[in-house]
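Chemist: give me coordinates for this.
(one chain, ligands or ions: 1)
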Amino acid sequence: MVAYRSKVVERIELPARERRERALEEAGYNVFELPSEDVYIDLLTDSGTGAMSDAQWAALMRGDESYAGSRSFDELESAVAEVMGFSRVVPTHQGRGAENVLYGALLSDGDVVPNNTHFDTTRAHVANQGADPVDCPVAGARDPTADGEFKGNFSLERAREVVDDVGAERVPLVIQTITNNSAAGQPVSVENTRQVREFADRIDATFVIDACRFAENAAFVRRREDEFADYAIDEIAREQLRHADAVVMSGKKDGLANAGGFVATDDADLFERCKQRAILYEGFPTYGGMSGRDVAAMAVGLREAVEEGYVTDRLEEIQAFADLLEDAGVPVYTPPGGHAVYLDAGAALPHLDAADFPGQALVCELYREGGVRGVELGSFAFPDTDRPELVRLAVPRRTYHGEHFEHVADTAAAVLEKRESVSGLEVVSEPANPELRHFTAALAPL
Ligand code: F0G
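Modeler: Presented below is the predicted three-dimensional model:
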């Protein structure tokens, strides 16, 4: 049994309804444009928004800011070796920096990359190398009501089709994302990882795991994959990660840090190539775009992320939050994933067509009703795809507690009570690049 008590507190305030109305209008009905001061419960992301432990704050004070040969880097190197099992580490400013470093070293024009589901920045970095990102989710991954213990798995069937279609020589890289953020944070089994390793070997491809939420994934594996019922979390993590040639990591998730990321590998040649790119894009390879103190805090965070009590508490917190919402009559994606509860906005607002952006309408109403900020992951964020109309309520680590989750559930229930009066939205201005429009586009109620 593990719990936390507060040593530092941060005041938050629910602004008056009129202020929320005005803030929403001024933000162009796009919650990325809201000032955080106007947000009461911020569930926009679990990335870099968590609370650090006293041990991490102590590590910050001891951070070594030396340009080269920093002791904080040594601490990171040993944490990565002991927790994740890789001997070589290239630090970067955050996860997407690691993606740029690694995918730039592995890809070239015309390549094709299967992934269980590409997260936005992964897709963009693969495409940025001239390669084609192809999602290979398993059946049911996009169905908010389908049963399944590992709905995040990589579909080997789909990947084989891709290879048959384009030829193995065009597929030099296979990625598996654990947990599968773009498939409702669903876990991936170790069995599936082993199969992807075999698949990559057969086509002579490099196998990379996006390990942003590797500890949450390991906690699911222990619960759901019989072979691992008696394993420690870090043992499961190493057993899963050892199949990969390299991992990309955002320290802002299961590094329990506010900044940072890295590439880790045992492959001396790949390490060298990544290091050279990191010098160009990130910084000298013992700090990689982070301050030494952030490197030190991330090293401590990685060890805390695989602590039994922490990660068990984490999964239970998400499950309890999903239960509260379900009890309040709010349709949620089931089973819940590891870092967020995803609402099924299509089912919540059935009178709205996809073209009216039911997910974004729900996001706006959650803010208007209770100062809650979530994020739309449906027709607004992903135009021209057949994804379900999901709204993600991501939970920052070690930050919110029961009363906050109750407030969110009460807010969602209040919105659903007057669902008929919720109108759809239309886009009134958008940036040139449609892939990133949800960050900056402005909308208006219909
Ligand atoms: N890979 C995955 C699976 C992610 O979820 C993220 C970030 C990244 C890579 C990039 O890492 O943000 O440190 O550069 N996900 C955040 C989110 C932003 O809200 O889901 P980063």
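Chemist: compute the number of surrounding residues for the residue in the stretch 51-200 of the chain that the ligand sits nearest to.
Modeler: Residue nearest to the ligand within the stretch 51-200 of the chain: G95 (2.4 Å; C-beta to the nearest ligand atom). The way it works is simple: take the backbone N, C-alpha and C, and place the C-beta from them, glycine included. By other C-beta atoms under 10 Å, 27 other residues sit near G95.
Chemist: isn't it up against G255?
Modeler: No. Using C-beta atoms under 8 Å as the test, G95 is too far from G255 to be in contact (9.4 Å).
Chemist: and for these two, which residues touch both?
Modeler: 249, 261 (C-beta atoms under 8 Å, 6 or more residues apart in numbering).
Chemist: what sits closest to the most centrally placed residue in the chain if chain neighbours are left out?
Modeler: In the chain, the residue lying closest to the centroid (C-alpha atoms, centre = their mean) is N181, at 4.7 Å. In space, and not counting its chain neighbours, N181 is closest to F119: 5.1 Å by C-beta to C-beta, 6 or more residues apart in numbering.
Chemist: any idea of the pLDDT on that neighbour?
Modeler: pLDDT, F119: 95.
Chemist: again with L44
Modeler: For L44, pLDDT reads 98.
Chemist: for the one 3 residues further on, same thing?
Modeler: If you check S47, the pLDDT there is 98.
Chemist: make 41 the first number, not 1, from now on.
Modeler: Sure thing, new numbering starts at 41, so read that last one as S87.
Chemist: count the neighbours of I52 for me.
Modeler: Residues near I52, counting by other C-beta under 10 Å, number 14.
Chemist: before we move on, back to that, the residue nearest to the centre of the chain against E256, yeah?
Modeler: No. Between N221 and E256 there is no contact under C-beta under 8 Å: 10.5 Å.
Chemist: overlap in contacts, the two.
Modeler: In contact with both N221 and E256: H379, using C-beta under 8 Å, 6+ apart.
Chemist: give the contact list for L74.
Modeler: Counting by C-beta under 8 Å, 6+ apart, L74 makes contact with 63-64, 67, 407, 413.
Chemist: closest to D285 out of those residues?
Modeler: R413 (37.7 Å; C-beta to C-beta).
Chemist: wait, doesn't that closest one sit right on I81?
Modeler: Yes. Using C-beta under 8 Å, R413 is in contact with I81, at 7.3 Å.
Chemist: circling back: ok, the residue nearest to the centre of the chain - contacts?
Modeler: By C-beta under 8 Å, 6+ apart, the contact list for N221 reads 157, 159, 252-253, 379.
Chemist: and stretch 410-425, how far from the chain's centre?
Modeler: Centroid separation for stretch 410-425 versus its chain: 15 Å, with C-alpha atoms, centre = their mean, to the nearest Å.
Chemist: also stretch 319-331?
Modeler: On C-alpha atoms, centre = their mean, the centre of stretch 319-331 falls 23 Å from that of its chain.
Chemist: I would like the residues contacting it, please.
Modeler: Residues contacting stretch 319-331 (C-beta under 8 Å, 6+ apart): 103, 105-110, 112-113, 130-134, 137, 140-141, 299-300, 302, 315, 318, 335, 338.
Chemist: around the ligand, pick out the residues from this structure.
Modeler: Contact residues (C-beta under 6 Å from any ligand atom) of the chain with the ligand: 85, 87, 134-136, 159, 161-162, 217, 221, 250, 252, 290, 292, 301.
Chemist: please flag which of these sit within strands.
Modeler: Secondary structure from DSSP state E places 217, 250, 290, 301 of these in strands.
Chemist: burial count for the third one?
Modeler: Neighbours of S290 under the rule other C-beta under 10 Å: 27.
Chemist: next one: the last one
Modeler: As a burial measure, G301 scores 29 neighbours (other C-beta under 10 Å).
Chemist: ok, and the helix or strand in this protein with the lowest average confidence?
Modeler: Scoring the helices and strands of the chain by mean pLDDT, DSSP states H and E places helix 477-480 at the bottom, with a mean of 88.
Chemist: mind listing what the helix or strand just after that one pairs with, with the direction of each?
Modeler: Next along the chain after helix 477-480, taking DSSP states H and E as the criterion, comes strand 482-485. Sheet partners assigned to strand 482-485 using DSSP bridges are listed as strand 465-469 (antiparallel).
Chemist: can you pull out the strands in this structure?
Modeler: 81-82, 128-132, 152-155, 172-175, 213-217, 246-250, 286-290, 301-305, 380-384, 412-413, 415-417, 430-434, 465-469, 482-485.
Chemist: using a markdown table, lay out the ones you listed together with distance to H441.
Modeler: Shown next, in a markdown table, are the strands of the chain (distance: least, C-beta to C-beta, whole Å):
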| stretch | distance to H441 |
| --- | --- |
| strand 81-82 | 11 |
| strand 128-132 | 32 |
| strand 152-155 | 35 |
| strand 172-175 | 35 |
| strand 213-217 | 29 |
| strand 246-250 | 29 |
| strand 286-290 | 24 |
| strand 301-305 | 28 |
| strand 380-384 | 15 |
| strand 412-413 | 15 |
| strand 415-417 | 21 |
| strand 430-434 | 15 |
| strand 465-469 | 32 |
| strand 482-485 | 32 |
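Chemist: ok, which of those strands comes nearest A91?
Modeler: Closest among the strands of the chain, using C-beta to C-beta: strand 81-82, at 12.7 Å.
Chemist: off-centre distance for that closest one?
Modeler: Mean-position distance between strand 81-82 and its chain equals 17 Å (C-alpha atoms, centre = their mean).
Chemist: pretty sure P371 contacts L389?
Modeler: No. The pair P371 / L389 is not scored as a contact, 9.8 Å apart, by C-beta under 8 Å.
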